[in-house]
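Novice: give me a model of this one.
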Amino acid sequence: MRKSIVLPVLIALVAGCSEQPTAMGPMDDIGVQTDGASITASATGSGIILSRGRAFTFEANTDASGITTGNAQLSFSGPETVKGHVAIDCLVVDGNQATMSGHITSVHPPVIPGAFVGLPVWFRVVDKGEPPATDEITNVLFANAPSCDVDAELDLFPIEAGNVQVH
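Specialist: Reported below is the predicted structural model:
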């Protein structure tokens with residue numbers, strides 16, 4: 001019985017379409033339409049550094065027109081766990097290193113002195129290959145953070161669990 005109702009409805013829906021379907025632009029590797037602009041640089045990853053009480057996940061892409069979009073979720077554990085979201089708007093890839101910057105869009109709870117919405121953020125990751133190779137990340141700079149095209153010399157820390165990919 002169900003088949004006899006579904007088929008006529010489906011035929012009516014298809015016959016009722018007056019417009020031809022249009023092709024969508026290409027999709028990037030996370031399913032975001034790129035309007036035809038190919039991805040020229042990308043960095044993705046997640047991981048934890050237990051010894052420093054940090055966890056992170058990020059993704060950033062730069063298209064052929066030079067526009068970078070991305071996001072990062074950062075978590076810092078201490079007396080209180082603080083989580084923040086960063087909108088990434090700058091990505092520089094140099095070999096196996098990716099430097100990213102952007103601005104804080106949310107902090108919860110807002111307990112880190114000086115960490116507020118709109119504050120610039122900068123960090124770098126190093127892709128040393130697939131596990132068991134140990135990728136690295138710098139501390140995350142807040143407040144006086146430069147744009148990602150400025151080289152801030154910061155120590156790198158091994159990611160204890162996770163993986164980073166830079167392309």
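Novice: identify the bridge partners of the residue sitting nearest the centre point of the chain.
Specialist: Compute the mean C-alpha point of the chain, and by C-alpha atoms, centre = their mean the closest residue is E59, 1.9 Å away. Assessed by DSSP bridges, E59 has beta-bridge partners T44, N71.
Novice: thinking it is in contact with T68, fair?
Specialist: No. Taking contacts as C-beta atoms under 8 Å, E59 lies outside contact range of T68: 11.1 Å. Yep, even glycine has a C-beta here, placed from its N, CA and C like the rest.
Novice: secondary structure element for the nearest residue in space to L119 that is not next to it in sequence?
Specialist: Nearest non-adjacent residue to L119, counting by C-beta to C-beta, 6 or more residues apart in numbering: I104, 4.7 Å away. Per DSSP states H and E, I104 falls inside strand 97-108.
Novice: other residues contacting that strand?
Specialist: 41, 43, 58, 60, 70, 72, 82-92, 115-127, 142, 145-149, 151, 164, 166 (C-beta atoms under 8 Å, 6 or more residues apart in numbering).
Novice: now the buried members of these.
Specialist: Among the contacts of strand 97-108, those classed as buried by 16 or more other C-beta atoms under 10 Å are 41, 43, 58, 60, 70, 72, 82, 84-86, 88-92, 115, 119-127, 142, 145, 148, 164, 166.
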